[in-house]
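Student: with the input below, show me the fold.
(one chain, ligands or ions: 2)
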Amino acid sequence: MSGGLLKLISKQHPIEDPHPNSENSTSEKPKKVVELDLGNGSQVLQIPRFISYQHSCNYFEYLDQNIPWTRPTIRVFARSHVQPRDTCYVAGEGLPQLVYSGYQPHAYSWDEFPPLKEILDMVHKALPGSSFNSLLLNRYKGGNDYVGWHADDEKLYGPTPQIASVSFGCERDFLLKRKPSKGAPVKSAERCEGEPPSKRAKKLNNSDQHAFTLKHGSLLVMSGFTQRDWLHSVPKRVKAESTRINLTFRRIV
Ligand SMILES: O=C(O)CCC(=O)C(=O)O
Ligand SMILES: [Fe+2]
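Tutor: Ligands and ions are numbered 1, 2, ... in the order given. Have a look, this model is predicted:
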């Protein structure tokens with residue numbers, strides 16, 4: 001194992017190579033798909049081994065080194081905070097600007113990062129009918145980095161956005177919880193960065209809360225009314241020592 005791979009391994013969430021001999025991600029072998037119907041028109045789908053282990057390592061290294069990561073100051077509940085993770089934003093030309101938590105990220109062009117276009121193509125093939133045109137990237141440089149409870153319910157994504165999330169590097173937990181009052185309006189892009197995330201959801205996998213492990217090379221897709229009716233988060237995990245990179249593909253309508 002190379003030094004580069006060793007860097008990816010965390011004590012709590014070691015990255016195992018599930019297919020040590022697999023050549024690439026385009027083999028025709030059907031992949032395991034986990035589907036979860038959240039009810040009332042909300043769905044989550046997960047493909048744990050969406051991109052092969054070795055390709056995922058290559059993408060991780062490329063993204064870690066070549067993306068112009070920034071850690072912006074954002075405003076939540078009228079207070080300024082440094083966002084607890086690095087970020088970058090890529091979008092097609094001429095699209096409306098994304099603004100969240102008082103922050104308007106610079107929109108880089110897809111052409112600057114050809115590997116992102118490769119991953120986008122793979123996602124489009126896996127999700128017939130999808131056509132994503134923007135991408136929010138996050139880099140969690142250890143277990144203290146997190147994203148608080150929020151919904152990606154910005155108006156520019158329309159009422160039923162499909163959001164496709166690809167993860168590389170350190171495994172982290174991804175939690176979903178039903179919004180307190182179903183269908184009630186929630187402040188746009190309410191990310192709760194200033195609030196320490198709950199240490200661990202107390203009752204996971206009842207009908208109001210679900211937990212997923214986002215593995216190296218996995219795809220998770222939220223569809224239907226998930227952003228209207230549910231919140232999601234990637235909480236702090238003290239023992240997650242190494243870096244995780246996440247790509248969320250979205251369509252600005
Ligand atoms: O890192 C993740 O898995 C989720 C990121 C996320 O929810 C977001 O960027 O809106
Ligand atoms: Fe999100």
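
Student: can you tell me which residues contact Lys215?
Tutor: Contact analysis of Lys215 by CB atoms under 8 Å, 6 or more residues apart in numbering lists 15, 48-49, 167, 171. Where C-beta positions appear, they are placed from N, C-alpha and C, glycine not excepted.

Student: next, format the residues you listed as CSV and append secondary structure, pLDDT and distance to Arg178.
Tutor: Below are the contacts of Lys215 laid out as CSV (DSSP: H, G, I helix; E, B strand; the rest coil; pLDDT from 0 to 100; distance: CB to CB, whole Å):
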residue, secondary structure, pLDDT, distance to Arg178
Ile15, coil, 49, 31
Pro48, coil, 97, 24
Arg49, coil, 97, 28
Ser167, strand, 98, 23
Glu171, coil, 97, 24
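
Student: who wins for neighbours among the residues you listed?
Tutor: Highest neighbour count within the contacts of Lys215: Ser167, with 30 neighbours (other CB atoms under 10 Å).

Student: that one contacts Gly217, correct?
Tutor: Yes: with contact defined as CB atoms under 8 Å, Ser167 counts as touching Gly217 (7.4 Å).

Student: which SS state does whichever residue of the stretch 151-253 of the chain sits closest to ligand 1 fall under?
Tutor: Using CB to the nearest ligand atom, the closest approach of the stretch 151-253 of the chain to ligand 1 is made by Asn246 at 3.4 Å. Three-state call for Asn246 (DSSP: H, G, I helix; E, B strand; the rest coil): strand.

Student: residues near it, how many?
Tutor: 22.

Student: show me what contacts it?
Tutor: Applying CB under 8 Å, 6+ apart, the residues near Asn246 are 137-140, 165-168, 214, 234.

Student: for the protein, just list every one of the strands.
Tutor: 34-39, 42-47, 73-76, 79-82, 86-91, 134-140, 147-150, 163-169, 172-178, 209-214, 218-224, 230-234, 244-250 (DSSP state E).

Student: could you dump those into a markdown table with distance to Val99 added?
Tutor: Output for the strands of the chain, formatted as a markdown table (distance: least, CB to CB, whole Å):
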| stretch | distance to Val99 |
| --- | --- |
| strand 34-39 | 27 |
| strand 42-47 | 25 |
| strand 73-76 | 10 |
| strand 79-82 | 15 |
| strand 86-91 | 11 |
| strand 134-140 | 12 |
| strand 147-150 | 14 |
| strand 163-169 | 17 |
| strand 172-178 | 24 |
| strand 209-214 | 26 |
| strand 218-224 | 21 |
| strand 230-234 | 19 |
| strand 244-250 | 14 |
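
Student: need the winner for burial among those.
Tutor: Here the criterion is mean neighbour count by mean count of other CB atoms under 10 Å, and of the strands of the chain the winner is strand 163-169, at a mean of 26.

Student: between the contacts of Asn246, which is nearest Lys177?
Tutor: Closest approach between the contacts of Asn246 and Lys177, by CB to CB: Val234, at 12.9 Å.

Student: not counting residues beside it along the chain, what's closest to the closest one?
Tutor: Val147 (4.8 Å; CB to CB, 6 or more residues apart in numbering).
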